[in-house]
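>>> need a 3D model of the following:
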Amino acid sequence: MNIQQLNIKTFLFITILIINGVFLCSAHNLEIKKDSSKSKLISFKIKFKSADKAIIKPSALKFNKHLAYSFTVDDGYKSAYLTAFPLFKGGKISGPMINEWKNDQGGDGTNSKGLFYSDGLGNKIPFKLALAINGNTIGDFSAYRGHLSWAEVKEVYDSGWDVLNHGFHHATKHGTNFLTEVTENTTSIKQNLGFTMSHFVVPGGESDPGYQLEYEREALANGSFSVASFAGAGPVINVNEKVDLNKMIYARTFLQSSKDTIGFKTMDSFLATFDSVAKLPNPIWYNEFTHGVGNGNLWNLSMRFPDFKYYMTAIANKYGLKGNHTIWMAPWQEVYEYIWLRDKIKINYAQNNKEAVVTIELPEIPETFRNRTISLHVDTLSKFEIQSNSADFKISNDGKTNHNLIIIQLR
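Numbering: from 1, shown residues only. Okay, here's the model as predicted:
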């Protein structure tokens, strides 16, 4: 059958289908296939030592972890770079550094061996934070600046820390243009650092009642996938089932040092809360924040570095590489993007005797995502190996050891 043989109604129907980008499989029965240009299929083979049936599903959290822990340092203070950055990755921690506000943003001057967790495949990964920054306060390097320089922000970002939108001026008072605060900060970071922020943190301060709602609306309407505010989901989020990430507004636990500088009673109290969260039966996502992390309790809204070091080291020793290996210590955006992808992929698993084929349908991933990793949990008693020669992804696994984890890094 050709076009001339079709009646006018059928011709118009086919024309409409073609205009809308629909593939016409057969003019005989007009079978239509959906446009799949926005999705993508990847596949690989698994060879098991046993013919027993295996079950494969997305891991609740990356690396099959039980606890995703996200920590944010607000306002872009220099102490994050001078103390937290070397404490986590390993290296020389700054000694005392008196900034332009006569506050000590330095640390203890020691050499850190780093704080790490394991990826489940024998590799250690340093703890990472997120920085919530105001572009108006970031400038050129100066030894006494209270805020970070552009070079410092770029260095921590390139090392895997996330950078979150905190408003261009940190404005909260009456008359604030909330739209401009959101968009100017996005533009500033894009122009100076070359990436687009995709999550927003409401700044605190003197304000009109309900101002945070204005920030939430403008941020979600202008490129932010989520907003940290005063109330919302969390700070403990159950990730055992699908998580509603659409226009998510979440709350965090605020940590700060007490006025008493003797001992670590306040930190021990926070650690007791952390331990109770870590013991919850389902995989969970927990998030906390503070402001400065230097020797001085900046604005009385911060953690002194000795407290911060004590707190993070205790968590690393108990749940990280030196502990029970249950923690994935990653900033908010990284965890958000993993869960988003986890909940949108579709897995087809077909096993025949000792061989299986895994096919995964991927969604269209937003351009602003910087993390494109899938972890798969393999329920089997058998050792296994992976066969794949695809250039679309890199795949690794623990098939010869614990035989329960596959990690796919999309390219």
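>>> where in the stretch 251-400 of the chain is pLDDT low?
Within the stretch 251-400 of the chain, no range satisfies pLDDT under 70.
>>> would you map the helices across it?
Per DSSP state H, counting those that start in this stretch, the stretch 251-400 of the chain carries helices over the ranges 265-278, 305-319, 332-344.
>>> which one of these lies nearest to P209?
Smallest distance to P209 across the helices of the stretch 251-400 of the chain (C-beta to C-beta): 26.5 Å, for helix 332-344. In this view, the C-beta of every residue, glycine as well, is placed from N, C-alpha and C.
>>> rewinding a little: among the helices of the stretch 251-400 of the chain, which comes closest to F289?
Comparing those by C-beta to C-beta, helix 332-344 comes nearest, at 9.5 Å.
>>> just checking, what packs against that closest one?
The contact analysis (3 or more C-beta pairs under 8 Å, 6 or more residues apart in numbering; DSSP states H and E) places helix 332-344 against strand 67-74, strand 162-165, strand 199-201, strand 226-233, strand 284-290, strand 373-379.
>>> returning to that earlier point: how about the helices of the stretch 251-400 of the chain in a markdown table, adding distance to E288 and mean neighbour count?
What follows is the helices of the stretch 251-400 of the chain, written out as a markdown table (distance: least, C-beta to C-beta, whole Å; neighbours: other C-beta atoms under 10 Å):
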| stretch | distance to E288 | mean neighbour count |
| --- | --- | --- |
| helix 265-278 | 8 | 15 |
| helix 305-319 | 9 | 20 |
| helix 332-344 | 11 | 22 |
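>>> how does the protein divide into domains?
Taking automatic domain parsing as the domain assignment, the record places the domains of the chain at 3-33, 40-54+345-410, 64-337.
>>> so for the first one, mean pLDDT?
In this model, domain 3-33 carries a mean pLDDT of 34.
>>> spatially, what comes nearest to the residue nearest to the spatial centre of the chain if we skip its sequence neighbours?
The centre of the chain sits closest to E334, judged by C-alpha atoms, centre = their mean, with a distance of 1.5 Å. Once flanking residues are discounted, E334 sits nearest to N371: 5.1 Å by C-beta to C-beta, 6 or more residues apart in numbering.
>>> mind listing what N177 touches?
Neighbouring residues of N177 by C-beta atoms under 8 Å, 6 or more residues apart in numbering: A171.
>>> could you measure from it over to F195?
24 Å (C-beta to C-beta, to the nearest Å).
>>> what of L271?
For L271 relative to F195 (C-beta to C-beta), the value is 34 Å.
>>> hang on, the earlier thing: return the most buried member of the domains of the chain.
Highest mean neighbour count among the domains of the chain (mean count of other C-beta atoms under 10 Å): domain 64-337, with a mean of 19.
>>> got the end-to-end distance for it?
16 Å (C-alpha to C-alpha, to the nearest Å).
>>> likewise stretch 42-62?
End to end - C-alpha to C-alpha - stretch 42-62 spans 19 Å.
>>> stretch 131-147 now?
12 Å.
>>> and the closest residue to T326 other than its chain neighbours, its phi and psi?
Leaving aside its chain neighbours, T326 sits nearest to H66 (4.3 Å; criterion: C-beta to C-beta, 6+ apart). When read as degrees, to the nearest 10, the backbone of H66 gives phi -90, psi -30.
>>> H66 contacts W285, correct?
No. At 10.6 Å, H66 does not count as touching W285 under the criterion of C-beta atoms under 8 Å.
>>> need the residues touching each of these two.
By C-beta under 8 Å, 6+ apart, no residue touches both H66 and W285.
>>> surely S39 and E364 touch.
Yes. S39 lies in contact with E364 (C-beta under 8 Å); the separation is 6.6 Å.
>>> just to revisit the earlier point, can I get the helices and strands packed on helix 332-344 in TSV with distance to K113?
Formatted as TSV, the helices and strands packed on helix 332-344 follow (distance: least, C-beta to C-beta, whole Å):
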stretch	distance to K113
strand 67-74	20
strand 162-165	24
strand 199-201	31
strand 226-233	31
strand 284-290	23
strand 373-379	26
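>>> those: which one's closest to K57?
That would be strand 373-379 among these, by C-beta to C-beta, at 5.8 Å.
>>> test for you: state the pLDDT assigned to the residue nearest to T326.
Value listed for H66 in the pLDDT field: 98.
>>> next one: the one 3 residues further on
Residue-level confidence at Y69 comes out at 98, pLDDT.
>>> show me the contacts for the spatially closest residue to it that is not a sequence neighbour.
Nearest residue to Y69, sequence neighbours excluded (C-beta to C-beta, 6+ apart): M329, at 5.0 Å. The contact partners of M329, by C-beta under 8 Å, 6+ apart, come to 69, 71, 115, 117, 127-128, 315-316, 320.
>>> the same query, at a cut-off of 10 Å, please.
65, 67-71, 88, 115-117, 125-129, 312, 315-316, 319-320, 335 (C-beta atoms under 10 Å, 6 or more residues apart in numbering).
>>> cool, G294 as well?
Contacts of G294 by C-beta under 10 Å, 6+ apart are 77-80, 82-84, 94, 96-99, 103-107, 146, 302-305, 308.
>>> hmm, 6 Å instead?
79, 104-106, 305 (C-beta atoms under 6 Å, 6 or more residues apart in numbering).
>>> ok now stretch 339-352, how far from the chain's centre?
Put simply, stretch 339-352 sits 20 Å off its chain's centre (C-alpha atoms, centre = their mean, to the nearest Å).
>>> mind saving the C-alpha coords of it as CSV?
The C-alpha atoms that make up stretch 339-352 are tabulated as CSV, following Å, rounded to 0.1, in the frame of the first residue of the first chain:
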residue,chain,number,x,y,z
ILE,A,339,18.3,8.7,44.4
TRP,A,340,16.7,10.6,41.4
LEU,A,341,18.4,8.2,39.0
ARG,A,342,17.8,5.1,41.1
ASP,A,343,14.1,5.8,41.1
LYS,A,344,13.8,6.4,37.3
ILE,A,345,15.8,3.5,35.8
LYS,A,346,14.1,0.4,34.6
ILE,A,347,15.9,-2.9,35.0
ASN,A,348,15.2,-6.1,32.9
TYR,A,349,17.0,-9.2,34.2
ALA,A,350,17.0,-12.5,32.3
GLN,A,351,18.9,-15.5,33.6
ASN,A,352,19.5,-18.7,31.7
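>>> need the residues that contact that stretch.
Looking at what lies outside stretch 339-352 - C-beta under 6 Å, 6+ apart - the contacts are 56, 58, 242-243, 245, 357-361, 363.
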